[in-house]
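**Q** What follows is a predicted protein model with its sequence.
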Amino acid sequence: MTVEQFQLWLNQDPLITISATTTALLLLFLISRNIIARGIIHISARTQTKVDDILVKYIKPLRIAWLAPFLAIYLFSYLIPDYQEYIKKGALFIILWITAVTLTSLLTAFNEIYENRPDFKGVSIQSYLDIAKILIMAVALILSVSLLSGQSPVVLLTGLGAITAFLLLVFQNTILSLVASVQINSMDLIKEGDWIDVPSYGADGDVLNISLHTIKVQNFDMTTTVIPTHKMMDVAYKNWRGMRDAGGRRIQRPIRIDMTSMKICDDVMLEELGKIDLIHDHLEKRINEIKAYQVEHSDHFDSPLDGPQITNTELFRVYIESYLKCREDIHRQGLPFLIRSLEPTPTGLPIEIYVFTKTTKWEEYEAIQSEIFDHLLAAAGHFKLRVFQEPTGMDFAQFAQNIH
């Protein structure tokens, strides 16, 4: 039977035509969906690699299976010449949008595959893929209008010049976000997984996702903050990645000494403190230096203030330094290690500890810091030092009792 004879037979009995066409298309759809598409899903589920699982998850073979019957409708539309043009346009329209949605899903799958690589370092490409998705959907929209109107896509694109200003206004945030994304990636400002602090948006936590329009931050209180991407180039923020890369987290905290407890150590006190192993060598060296000075200037040395002396705050600083250098969880080289006295204040003399722990994990860092200051606050009393503390109700009650 020739094509002309087949067309004539179809035109003679429309009911048979509709029934035969529907049956053929249904059969083709069932084969593509239940055999080919489900076969692909079945095979991907049994492979060891996760790449095919991600592709199947986003591309959705069951959705792509709809292409088979519509491709058949498009290819064999000539069999019904009276309606051929309408059939071809309808089939092409559906094929176009299934393809566009599949391509955008493919880009999403590619992004997940990229971020699941073992060597992924947090450099996001999602913003670029979002631009590609917008372009795909824009092309699909132009082709759809061209298909339905019968106009050439070139004519439609030429007409876009007249509404460029409107498009720039509509896509203003998209353009700003694209520029910001390029700057963020090119200058390596933020990566997924970075800990950032953005006070103006109340964000303090890890970056979960960087897309074209938004940056999603998981705060440490388990809330989520969404920041417009282009706003990150306008506001001040802190990125803690450098701390993690350095492998050390800073401890910078003072112990405030009550200045009325500061004193020059006498012989009894020096003998007592000399029993502390961590400062024994330093104390012995300082005593020898003072004795040598006294011998050299014996003709006029008649006051403790005539030459160098040892104070309890000096010994306490030496003890802090020796104590911290004995700890295996504190960096002693490569990162700053400093114990210093700051300017006296109304709340006492601050002795500041400026060191770095060997861990950047929050829980371990806080445990180390707490252990250090618990020990040093308790040790201050052995040097006859009082840690400054605002008067409490008990202090006033004891004062009143003493007066009485």
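**A** Looks like it came in fine. Numbering: from 1, shown residues only.
**Q** what's residue 289 in contact with, if anything?
**A** Counting by Cβ atoms under 8 Å, 6 or more residues apart in numbering, residue 289 touches residue 308. Where you see a C-beta, it was placed from the backbone N, CA and C, and this is true even at glycine.
**Q** Mind checking what secondary structure it has?
**A** Here residue 289 is helix, with the state taken from DSSP: H, G, I helix; E, B strand; the rest coil.
**Q** Next one: it from residue 301, what distance?
**A** Residue 289 sits 14 Å away from residue 301, taking Cβ to Cβ, to the nearest Å as the criterion.
**Q** and what of residue 81?
**A** 123 Å.
**Q** what does residue 183 give?
**A** 68 Å.
**Q** Could I get the buried residue list for stretch 334-348?
**A** 335, 337, 339, 348 (16 or more other Cβ atoms under 10 Å).
**Q** In TSV: the residues you listed, plus secondary structure and pLDDT.
**A** Formatted as TSV, the buried residues of stretch 334-348 follow (DSSP: H, G, I helix; E, B strand; the rest coil; pLDDT from 0 to 100):
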residue	secondary structure	pLDDT
335	coil	91
337	coil	94
339	strand	95
348	strand	92
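**Q** can you name the two of the residues you listed that are farthest apart?
**A** 335 and 348 (27.6 Å; Cβ to Cβ).
**Q** List the contacts of the helix or strand where residue 242 lies.
**A** Assigned by DSSP states H and E, residue 242 falls within helix 241-246. Contacts to helix 241-246, defined as Cβ under 8 Å, 6+ apart, come from residues 191, 194-195, 249-250, 335, 356, 360.
**Q** now with 7 Å?
**A** For helix 241-246, contacts defined as Cβ atoms under 7 Å, 6 or more residues apart in numbering pick out 194, 249, 335, 360.
**Q** Show me what whatever helix or strand comes next after that helix is packed up against.
**A** Using DSSP H and E, the helix or strand that follows helix 241-246 in sequence is strand 249-257. Here strand 249-257 touches strand 349-357, helix 362-379, going by 3 or more Cβ pairs under 7 Å, 6 or more residues apart in numbering; DSSP states H and E.
**Q** Could you report the neighbour count for the spatially closest residue to residue 342 that is not a sequence neighbour?
**A** The spatial neighbour of residue 342 that comes closest, neighbours along the chain excluded (Cβ to Cβ, 6 or more residues apart in numbering), is residue 350 at 4.1 Å. Residue 350 has 17 neighbouring residues, counting by other Cβ atoms under 10 Å.
**Q** who's in contact with residue 350?
**A** By Cβ under 7 Å, 6+ apart, the contact list for residue 350 reads 254, 256, 342.
**Q** do the same with residue 324
**A** Contacts for residue 324 were tallied using Cβ under 7 Å, 6+ apart; they are 330, 355.
**Q** Tell me if it really is in a strand.
**A** No. Residue 324 sits outside any strand when classified using three-state DSSP, being helix.
**Q** Check residue 214 and give its pLDDT.
**A** As predicted, residue 214 sits at a pLDDT of 88.
**Q** cool, the one 3 residues further on as well?
**A** pLDDT recorded at residue 217 is 94.
**Q** got it, and residue 392?
**A** 69.
**Q** Same check on residue 121?
**A** The model's pLDDT for residue 121 equals 71.
**Q** For burial, what's the neighbour tally of it?
**A** Other residues lying near residue 121 total 9 when counted by other Cβ under 10 Å.
**Q** I'd like to know how far it sits from residue 186.
**A** Counting by Cβ to Cβ - residue 121 and residue 186 are separated by 15 Å.
**Q** Residue 388 now?
**A** Distance, residue 388 to residue 186, by Cβ to Cβ: 50 Å.
**Q** for residue 108, same thing?
**A** Going from residue 108 to residue 186 by Cβ to Cβ gives 23 Å.
**Q** between those two, who's got more neighbours?
**A** Taking neighbours as other Cβ under 10 Å, residue 108 and residue 186 compare with residue 108 leading, 18 against 8.
**Q** Need the nearest residue in space to that one, chain neighbours excluded.
**A** Leaving aside its sequence neighbours, residue 108 sits nearest to residue 58 (Cβ to Cβ, 6+ apart; 5.1 Å).
**Q** quick one, what contacts residue 190?
**A** Listed by Cβ under 7 Å, 6+ apart, the contact set of residue 190 reads 184, 196, 207, 210, 215, 232, 239.
**Q** could you dump those to JSON lines with secondary structure?
**A** Formatted as JSON lines, the contacts of residue 190 follow (three-state DSSP):
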{"residue": "184", "secondary structure": "helix"}
{"residue": "196", "secondary structure": "strand"}
{"residue": "207", "secondary structure": "strand"}
{"residue": "210", "secondary structure": "strand"}
{"residue": "215", "secondary structure": "strand"}
{"residue": "232", "secondary structure": "helix"}
{"residue": "239", "secondary structure": "strand"}
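**Q** Among those residues, which one is most surrounded by other residues?
**A** Highest neighbour count within these: residue 215, with 28 neighbours (other Cβ under 10 Å).
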